[in-house]
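[1] Whatever this is, show me its structure:
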Amino acid sequence: LKTELKKRLRNLRQFAAEMMKHAPQVSIRYRDTLRQRLEKSGIALPLTDERLLKEIAIFAERSDISEELCRVESHFKQMTEKLEASEPAGKTLEFLTQEVFRELNTIGSKASDVEISRVVVESKSELEKIREQLSNIE
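    A predicted model of the protein is given here:
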């Protein structure tokens, strides 16, 4: 079980790295989409327009997932440490799994990005496999 759980954690770390790779592009795509919509509506604002910059800044702040990914990585580290420990860790691992699931939900709702959403779904699937395995340990 330990080997299987470690493998799943490696997979989750790869998913988190993929989300982090896509995260910086979210604000850029939003900016471009917003400008295109404004232009289609006949409103041509320069990129230096204060209202446009403010809207983009607010979106960037709301969609920033770096804090959640940092916490997820901390949970992964704790899970790895518990797997290496000699004392029973089942309950702690279950709790950490639950915390990772919460962070993934937050990432999914904040990201507003198709690629990140796809990776969140894959991560939740992998996390569910971990949860199933945890029912077999103390």
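[2] Please work out the average pLDDT along stretch 22-34.
    If you average the pLDDT over stretch 22-34, you get 84.
[3] let's number from 38 now, not from 1
    With the count now opening at 38, the last piece we talked about shows up as stretch 59-71.
[4] the helices in this protein, which residues?
    39-77, 87-100, 103-121, 127-148, 151-171 (DSSP state H).
[5] which strands and helices sit next to the first one?
    The one in question is helix 39-77. If you count contacts as 3 or more C-beta pairs under 8 Å, 6 or more residues apart in numbering; DSSP states H and E, helix 39-77 packs onto helix 87-100, helix 103-121, helix 127-148, helix 151-171. For the C-beta atoms, the positions are set from N, CA and C on the backbone; glycine is no exception.
[6] same question, the second one
    The helices and strands touching helix 87-100, judged by 3+ C-beta pairs under 8 Å, 6+ apart, are helix 39-77, helix 127-148.
[7] Any buried residues in the longest one, and which?
    In terms of neighbour count (16 or more other C-beta atoms under 10 Å), helix 39-77 has its buried residues at 42, 45-46, 48-49, 52-53, 55-57, 59-60, 63-64, 67-68, 72.
[8] for stretch 112-127, same thing?
    Buried residues in stretch 112-127, counted by 16+ other C-beta under 10 Å: 112-113, 115-116, 119-120, 126.
[9] would you list the residues you listed in a markdown table and tack on pLDDT and distance to Gly145?
    Output for those, formatted as a markdown table (pLDDT from 0 to 100; distance: C-beta to C-beta, whole Å):
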| residue | pLDDT | distance to Gly145 |
| --- | --- | --- |
| His112 | 97 | 16 |
| Phe113 | 96 | 18 |
| Gln115 | 96 | 22 |
| Met116 | 95 | 20 |
| Lys119 | 92 | 25 |
| Leu120 | 89 | 26 |
| Ala126 | 85 | 27 |
